Structures are given as structure tokens and as C-alpha cells.
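Trainee: just a sequence and a predicted model for now, questions to come.
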Amino acid sequence: MKLDSKIPEGPLETKWQNHKANIRLVNPANKRNIDVIVVGTGLAGSSAAASLAEMGYNVKAFCFQDSPRRAHSIAAQGGINAAKNYQNDGDSVYRLFYDTIKGGDYRSREANVYRLAEVSANIIDQAVAQGVPFAREYGGTLDNRSFGGVQVSRTFYAKGQTGQQLLLGAYSALSRQISKGKVKMYNRHEMLDVVLVDGKARGIIARNLVTGEIQRHGAHAVVIASGGYGNVFFLSTNAMGSNGSAAWKAHKKGALFANPCFTQIHPTCIPVSGDHQSKLTLMSESLRNDGRIWVPKDRKDAEAIRAGKLKPTDLPEEKRDYYLERRYPSFGNLVPRDVASRAAKERCDEGYGVNQTGEAVYLDFAAAIERYGKTEANVKGIDNPSAAKIKELGTAVVEAKYGNLFAMYEKIVDDNPYETPMMIYPAVHYTMGGIWVDYNLMTTVPGMFALGEANFSDHGANRLGASALMQGLADGYFVIPYTIGEYLADEIRTGAIDTNHAAFEEAEKEVRGTIDKLMNAKGDSSVDHYHKRLGNIMWNKCGMARNAQGLQEAIKEIRELREEFWQNVRIPGGANEMNPELDKAMRVADFMELGELMCKDALEREESCGGHFREEFQTEEGEALRRDEDYAFVSSWKYTGDAGNAELVKEELVFENVELKTRSYK
Amino acid sequence: MAITGLFLISFLIVHLLGNLQLLDLSVEGQEKFNAYAKFMTSFPLIKIISYVLYISILFHAIDGIVLVMQNRKARPERYKSWKPNTNSIWASRNMGLLGTIILAFIIMHMGQFWYQMHWGDIGVDSEGNKNLAAVVIKTYQDGSAGLIFVLLYVISMAAIAFHLWHGFASAFQTFGLNHKRYTPVIKKVGYGISVIIPLAYAIIPVYILMAKN
Amino acid sequence: MDLKLKIWRQANQNTKGELKDYAIKNVSADSSFLEMMDQLNEELITKGEEPVVFDHDCREGICGMCSLHINGEPHGPQNATTTCQLHMRKFKDGDTIYIEPWRSRAFPVIKDLSVDRNAFDRIIEAGGYVSVNTSGNTLDANAMPVPKADADEAFNSATCIGCGACVAACPNASAMLFVSAKVSQLSLLPQGKVEAKDRVLNMVNQMDLEGFGNCSNVGACAEECPKEISLENIARMNREYLGASLASSK
């Protein structure tokens, strides 16, 4: 099998403009006869559904939550990047493109990334026009801040709730189309399979999560925008319901799955506190603008802190190790996420961790409070301010910037981060891998598209902060509305999709079979029990650092666990009613297969790049060792009936505009 | 509710100013009050306003009843555990109950005085005006019934106090007049009015009762 | 800690529900309230009983999916906190905790503690948007400066998570705080002003059709709102509604 990424000819800067100019169109009268299904209503899904409906297609949108507004994009905190150069600090489309390629450790497609950078500016314009209340300066213009891995301020934000505001913007556009009848919204519905007729995606099988009803929905194209699969680890910053099932079902129906092992571990999350924990909470990367990360220099001090005998505030400056500033002087605390995460793990593994489990480092705002306090005192004209006054003024500035995050931290940990440093530890956050798509965002199944985090995306092996929102909205608002025409132009004579076709019949039968099998297992252990065990295997052996032996063990353990799961899972209640345990079981069943593929992919990729760190491949200083000559490709996996026997198809990555360099943030 | 409510508050103030004349229980004082009562029931402009007042009371009461009924329907199944004191004050949640007490009082009060003034055979004072002052004094000094009427009066004023405690500021909120600087002032004025007016009213029958001996 | 729970169980919208008693032991004070519920469900599943259905998703206080009327208050005793962010250290060993669904005619119970809040979606569909196409060919984002105070105020209104605690807390089950937050956000920004009159009329009309109660300015909504949406929004909407009604030619 050969993958055709359909990258347009011509110089990088004009590819997208030329492609748009030459792309095939569907005339308005024909659009009215074409149905499109959109699965998921996060940034990518809502924006796509709204845009496609606005263009005239009949859209059916699905989300498992009780409202499209709840999709997990809402939880994104820090911001959204755009090459606006409002700050006049030398930003440009090229620089955003370059930063993204470099941040992704040279494992993404140049043309896609350039397009992303190109349309980024439109996203901000669009969002403002929709009434998204971004943070502004006193002059009334938009404010920006800086994020990890870059040296310009190009991140637009709405306090610590940027994802919420952007999603509500997309949701409002979607609501407008729902009110016009152009989108039919299916809340509390979950896609359980894609239906292919003559090799083309022609609809889905969905389950009504309130009644348990199994439904057939036909369409001329199916757009998967169901997000990432970070919940394969059980503990992650994803929402409880976030799942990989739609993507996995697409994969099993023929869509190639790319780079499944590229998982982003976010460095600033609240550490795990115990077995009861159901999810991990992110503290926005924006905190690294002002917070300094450290552990004690002396292992004995770390032990004393863990035992509760020493307070971090009692430890003098010279006994602290600001290890990011030490190792990476030029980027300091603002190194990319993968680098920051691994550095934290390295310190904790060496015994310098600062919470009871030994898996936490400090994120300290004392210096920022003092710095801001002094500036404020100057502004207010206070001569010789007292230390207390400086702290008071500085605290107010920090509160205005990060107040909601600090309050959230205090609620969860019961510690006041204005007084004592926050404790943080890396946690699974985002999956760069996903369904393989070409330049038009179409998967290897004709008529099936994948957007946002669900596709293998533009982030390569590591995503930069504030780029997920950018990609989701770029795909949904500005890419798919054009590129879907290229496919649908051939569908104008197809007519309505017949859901009585044998393919629908068969897909529905298969879905019912899976449900029956799960309901009838009548075993001893709950779904969560298995999910936690799977998560443990994944975290320990396919997490922040991986090695061949661990991955081989993981594959074996997952296969055994999967076997046990199908034999011994217990799902109370019935299938024809609201039954969250059944919903979870279906998702975990897919994670059990996807997890194996992730390990297989990680095992096959014998290099370290971005979020994928193979212990066998590191420099003497412990930095990631990339092997461009052998691994500058996208690993795309073809399903062959068993996740473990997936077949590797390579898409070679061609770099014509950037030179592949070892990433250095020193 | 807000328009009629604010109008009724303005009536409360005017009515109070008239009633305070009853604190002078001398013969001259009573005659002055009777003259005032005559003026209030015969001057054409005041008569027109009084009809507006009756309609306002009726509208305020009916609107209130309709709202309470609609609001009850909005929550058919009640909470088994319900701790509203953690998020709101009692008066705000019981405007219907307070309003009912006040309405009952108004009916009684109008029966006792307004009806008597218009159609009762209550005699005239030396100036030839209907002797309403004598009716008032008799009502609140007459044996044990007087004590009961004074008590009912005081209780009703308490109801009005609570009603206004919520109602005054609420009316401004309904009109959309909410401002970081002015709303706290409005609230304070409302609290002041809700204490002072009913208190001043309540003093009158209590004073009359105490003046019995 | 050990706790006694009184939880509302209701099979579906058409059956009558009731409070049922449960006992749970060894709850960590560091657990969130929903993690305590997870623990209970895990025990119920082990015992072969049906777990309690409740809505939840992000568990970081932003998606608005979690609900629960805990001990007589929406989202429980802690101010400015959603149920998912409420931690068990706010309770004491031996406490009895009442757990009920949001109760409102407009939010029918689906099962146990899960309610249908689609009424909120329909209110947004009635006008909670700016009618602009998603072409990206709009004005440059900085072409129209917005005073910082207005932008901040609009943001404060826009932080509503649509959880429905305002309705649950209101003795009248009124949705005014929710509706007014969206009306306010859009009317404070120049982009939203164009349609402000129609928006407020249509959204209020839809709110009334959904069967919510009337606002009598009790203020419980704002007190219980996990995002501290202020009553000023309701005043602003009243003002806009009054103006729009008077100006309307319909």
C-alpha cells in the first residue's frame, strides 16, 4: 500500500492558496442534497458542523455529552497561537510554522503545518467576530502572552479559560445552524461503528445513551472529530468520557492509524494523591511564564520534605536546584513540554521528588510575586516599600493573571500556592497520533475525514502549547469546508443513502453482538478495574520513557488483560436503558486494542523524538536522540484483524523548507 | 410588580404623614385629622389617585398570586433536603406569604376605617367633618378587642417591613437599575425605608392604646 | 472517613423516585465528591447492584456536566465550586449526606441523579450567538477596539458553564441568571450589539416556553453559581428586555 498525502505542487507559501483556487466545488442546489455526519462537537467538530451547514450541506452532529458545549476542548486553559505579530516582536507565518515543525521534533508534514500557521490569523478574527471575549489591553486591542518552546508572544487568551471561550464561540455558531434546521444535533449519542458501502464511508451506527436504542445514520461523508485517546492511560487530564472509540472503529474499518505512540505528557499537572483518583488536573502552561521549577539540591532535604520535617519555604536559595534554568539557560522554564516533563521525571527518579509519593517538583511563584510587587510599588510611587507591601502588591498581580488556576489548585490540594510553592508532576495530556489523513484531511477510507486531535495532526512528535485550539479550529472552520468539496463533488448524483443496505445491516449486527457479549460476560470485576490496570501498564511501560523490553512486556500484559476483560467484566443493568457502565465498557474494550498498537508503534520506532523517548536512544547528557535517516517518516498502521498484527505503512516526510536539526533549547 | 410596588411605597409614605397627625390626641388634633380625612376623600385629584391606588393594589396582588402559582409549577417535585438560608434571605423567598398577610390587613383596615369614612354612620365633629379620629381611637382602645387590633396591626407592619426589605431593591433590579456604585446605596435606602415606615405606623395604634388611661 | 448517604434513585423519567440509604466506609479526605461516588459505585457493582447514575465529564469544574444537589445546596456546601471540585475534606466522619438531582420542570430527571438540560441549548439556539458566517473573512481582530472594562465584563458573563445550578437553587426554578449571562456577554461587545434587541426578546421568549419559573430577585442563583456570575447580568437583561419590548414593532 502506498500513501498519497496529496500535497499540492508549488512553493510552500502558495500551496494552500493555489489548492483552494483549484479545488472542486459543489453548487448550492446540490449541497442541499448532500448529508454529512460529524462525530464529536469539540472545537474541530462544532466548527466543522457549523461551517458545513452554513455552506448548505445537511449536517448530523453527534456528541456523547448532554450538550455539544461540554466537549473537552472546553477545558483548554492557556491560549491559542496565531501569527498576528500584534506585539511587533518579529513573529510571522513562517516563524509559527518553523516553531511548530521544530517543536514537533521534525515529525510532521511541512505543507500541513504551513497551512495551519497561515490560517491561524483568521481564527482570531473569526472568534472576535463571534463575540469571544479575549483578554485586551487598556487601549482596547488584544493582549498576548508567551508559551513554551517559542521566543515571541503570539498566544491569545481569555484568562485561564481560552478553550471554554473558543468552544462556546463554535457552539454558538453550531447553535445558529441548529436553529435553522441545517444541523440536526444528537446529544447523548455515541458512534459505535462506521458503515462502508463499496469502500466508501456511507454512515454510522450510533447508540442513544439514554434509551440504548441502536440507530443507523446514512451520509455522503463522515467526519470524525472525536478528540484524542489519552484516556488509554486511565489517569490523564482528559475528561472522563473522552475516548478513542470513534477513531478506533474508523481504523478497524480501514483508516490507517498514524504515530499512535506519540503521546504528550504535560509537565504542569497536579500530582497524584492516591488510589481514589479518577483524573488528573492540568495547571496551565502559562504558569511557566512566571513560575520557577525546582527541587532541593540535596537529596537529604528532599527526604526531609517528603517526611514533612522541612517546609519548602524554609529552604534557602542556594539549596535549591532550578534544574530547567540550569540545564536549558536560553529557554529556562519555558522549554517545550516533552523536555520539561522528562526533566521532572529525571529528578524524581533520582530521588529528589517532593511529595509523599516522591513524584512531584515545585513550581514557585515567590520570585514572580517579588518582581511584580517591586514594579507595582514603582508604578504607585511607593518609596522603600516594605517586604510585606511588595508581597501584597505582587500577590495582587499574580492573582489577576492566574487567580482561577490558583483557586483550583487550592481546592484540590488544600494548599495556598501564594504562600507555599505549588507541587506539579507530568501527566498524560494530548495525543499527537491519530487517524492518518492526507492534505485534504481525508483518511485512507474515501469519504471519511478526521479533524482536530483525532487525526495524526500537524504536531509531529510533540505539540507546542496553545496549538491544539489553533489546529482544531483551523481544521473545522477553514480547511474541511474547502477540502470536503473535492470528494463530495463526485457525490452529487448519489442520492439519499439507503440505511437498509446490507452493509448497515451487518454493521448493526456486529455492534449488537459486541454489546451482548459484554452484557453477558457477567464476571466479577468492574470496567474501571480493568481500565485502571490497563492504565498502569501503559503509564509504566509506554509512558514518559520507554524501552524495548518494557514494551514487549506491555504488549503481552495487555493481550492477557484483554482476554480477561472479555471473560470477566461485570456490567450491571440492561442494554436498553441509560447505562454508563456499558458505555464505559465499549470504550475500554477499544482502549485495550489501541493500547497494544501504541506499544507496538513505540517498539518499532527506534529513536527518541518529542513525546516518544526510548531509553536506548539518548545522548550522553540524557537528551533525546533522533534518528532522521531511518525514522523521518509517519508510521501508519493498517488493521489486519488484530491490533497486534497491524501492518506498517510509511509516509516519508520530505523537508524542503527547514533543515533538520537537533532540537536545542540550551 | 416593580411599578406597582414602588407606587405603593410612595402611598405608604404619604399615608403615614397623614396618620402621624393621630399622635396629637387633643380635641384640636382630632379635628385637624378629620379635616384632613375629608380633604383626602373629596378632593378630585386625590380621588383619581386613589382609584389608581386601588387598581395598583389589586394588580400587585393578582400578579403576585399568578407568579407564585407559576413558580410552584416550575418545580413539581420538591427537594427532600433544602437549605435555602445558605443562599438567600427568608423575606425574599416568602414575598407571597408576606403579601397575603398584608392583603388581609388591607381588607381589614379598609373595613375598619375606609368603609366607615365613606358609608358608615360615624357622626361629625364640631367642625361638621365626619369624626374618623373617634373611630380610630375607639378601635384601638375598645376593651380587649382594641388590644387584639393593635397586635394585628403591629404584626402586619412587621410583614410590610419584611416585604419592603426585599421589595424595594428588587424593584430597581427589575427595572435593570443595577450599578456597582449605586446599588449598595439603593439597598441601604430600602433597608432604611423598610424599618422606619412600618415602625412609624406601628407606633400610632400602640400610642393610642397606651393613651387610654 | 465513614459516611451515610441518602441518594435519589429513579429508574427513568416516567417512574417515581425515592431516597435510598447507603453507607460508605474509608473515604479519603483527598477524594473529590465524585470520586467518593465512584467508590460507592464500585462497591455497588461488586455487590451486584446497579450503580448510581450521575452526570460528569471533565472533573475540573469547566464543562458544566456535573450537577448534584448536595445537602440542600446545588454543588454542595463550598462556594464557587462545582461538585467535581468539591473535596471530601469539606465533610466530617459520620456525616449524613443528601444527594438529589436538580429539580425543575424544565430539567426532567432521566435516571437517578441525571437530568435533561437541553432546555438550555434551545435557549441558546433562540439567539445566543452573533450571526456571522465562519468564513474567516471578517474584520481584523484589532480593527474594532473594545474597552478593557467591557471586554473583562463580557468575559465574566461568558464564564457561565451552563450547569444549571442557578435553576436548581432558585426557589422559583428560574433560568434568568443563565440567560442573562449570555445576553450580557454579547450585548457588552460591539460585535453582539447589532442583534441585541432581537436576541433578548427571543431568548427570554424561549426561556418562558421551556417552563422555567419567574425571577423574583431572590438572589440564590448568584450565591450558588460555581462561576460567581453576578446579579448585574439579570439587571442588564431586564434593562435590555424593557428597551427592546418598548421599541419592538411586533
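Mentor: Great, that's in hand. Numbers count the residues shown, from 1 in each chain, chains lettered A, B, ... in the order given.
Trainee: for chain C, what is the nearest residue in chain B?
Mentor: As assessed by C-beta to the nearest C-beta, chain C sits closest to residue B:176 within chain B, at 2.6 Å. Where C-beta positions appear, they are placed from N, C-alpha and C, glycine not excepted.
Trainee: that's a strand at that residue, yeah?
Mentor: No: the assignment for residue B:176 (DSSP: H, G, I helix; E, B strand; the rest coil) gives coil, which keeps it out of a strand.
Trainee: so where's the stretch 251-400 of chain A shaky on pLDDT?
Mentor: In the predicted model of the stretch 251-400 of chain A, no residue satisfies pLDDT under 70.
Trainee: shouldn't the residue of chain B closest to chain C be in contact with residue C:245?
Mentor: No: look at residue B:176 against residue C:245 with C-beta atoms under 8 Å: they stay out of range, at 11.7 Å.
Trainee: ok, the residue of chain B most remote from its centre - contacts?
Mentor: No residue in chain B has its C-alpha farther from the mean C-alpha position than residue B:80, which lies at 35.4 Å (C-alpha atoms, centre = their mean). The neighbourhood of residue B:80, defined by C-beta atoms under 8 Å, 6 or more residues apart in numbering or on different chains, consists of C:6, C:8, C:19, C:98, C:100.
Trainee: so which of the residues you listed reach chain B?
Mentor: Checked against chain B using C-beta under 8 Å from any C-beta of the partner chain, these yield the following neighbours: C:6, C:8, C:19, C:98, C:100.
Trainee: list buried residues within those.
Mentor: Neighbour-count burial within these applies to C:6, C:8, C:98, C:100; the criterion is 16 or more other C-beta atoms under 10 Å in any protein chain shown.
Trainee: host element of residue B:137?
Mentor: Residue B:137 is part of helix B:132-141 when elements are defined by DSSP states H and E.
Trainee: residue B:176 and residue C:245: who's more crowded?
Mentor: residue B:176 (19 against 13; other C-beta atoms under 10 Å in any protein chain shown).
Trainee: excluding chain neighbours, give the residue nearest to the more buried one in space.
Mentor: Using C-beta to C-beta, 6 or more residues apart in numbering or on different chains and skipping residues adjacent in sequence, the residue nearest residue B:176 is residue C:239, 2.6 Å away.
Trainee: that older thread, can you tell me what sits against the helix holding residue B:137?
Mentor: Outside helix B:132-141, the residues within contact range by C-beta under 8 Å, 6+ apart are B:22, B:25, B:29-31, B:33-34, B:37, B:112-113, B:116-117, B:120, B:122-123, B:125, B:146, B:149-150, B:153, B:205, B:208-209, B:211-212.
Trainee: so for that helix, mean pLDDT?
Mentor: Computed over helix B:132-141, the mean pLDDT rounds to 95.
Trainee: coming back round to it: quick one: the helix or strand harbouring the residue nearest to residue B:176 to chain centroid distance?
Mentor: Residue C:239 belongs to helix C:232-247 when elements are defined using DSSP H and E. Between the centre of helix C:232-247 and the centre of its host chain there is 22 Å, according to C-alpha atoms, centre = their mean, to the nearest Å.
Trainee: and that helix, which residues are buried?
Mentor: Buried residues in helix C:232-247, counting neighbours by 16+ other C-beta under 10 Å, are found at C:232-241, C:244.
Trainee: return the member of those residues nearest to residue A:452.
Mentor: Proximity of these to residue A:452, judged by C-beta to C-beta, is greatest for residue C:233, which lies at 31.9 Å.
Trainee: quick check: the closest one touching residue C:180?
Mentor: Yes: in this structure residue C:233 lies within contact range of residue C:180 using C-beta under 8 Å: 4.0 Å.
Trainee: need the overlap of contacts for these two.
Mentor: Each of residue C:157 lies in contact with both residue C:233 and residue C:180 under the rule C-beta under 8 Å, 6+ apart.
Trainee: on that earlier part again, turn the ones next to chain B among the contacts of residue B:80 into TSV, including pLDDT, distance to residue A:298 and secondary structure.
Mentor: Conversion of these to TSV gives the following (pLDDT from 0 to 100; distance: C-beta to C-beta, whole Å; DSSP: H, G, I helix; E, B strand; the rest coil):
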residue	pLDDT	distance to residue A:298	secondary structure
C:6	98	52	strand
C:8	98	54	strand
C:19	98	56	strand
C:98	98	51	strand
C:100	98	53	strand
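Trainee: kind regards, and thank you for your time.
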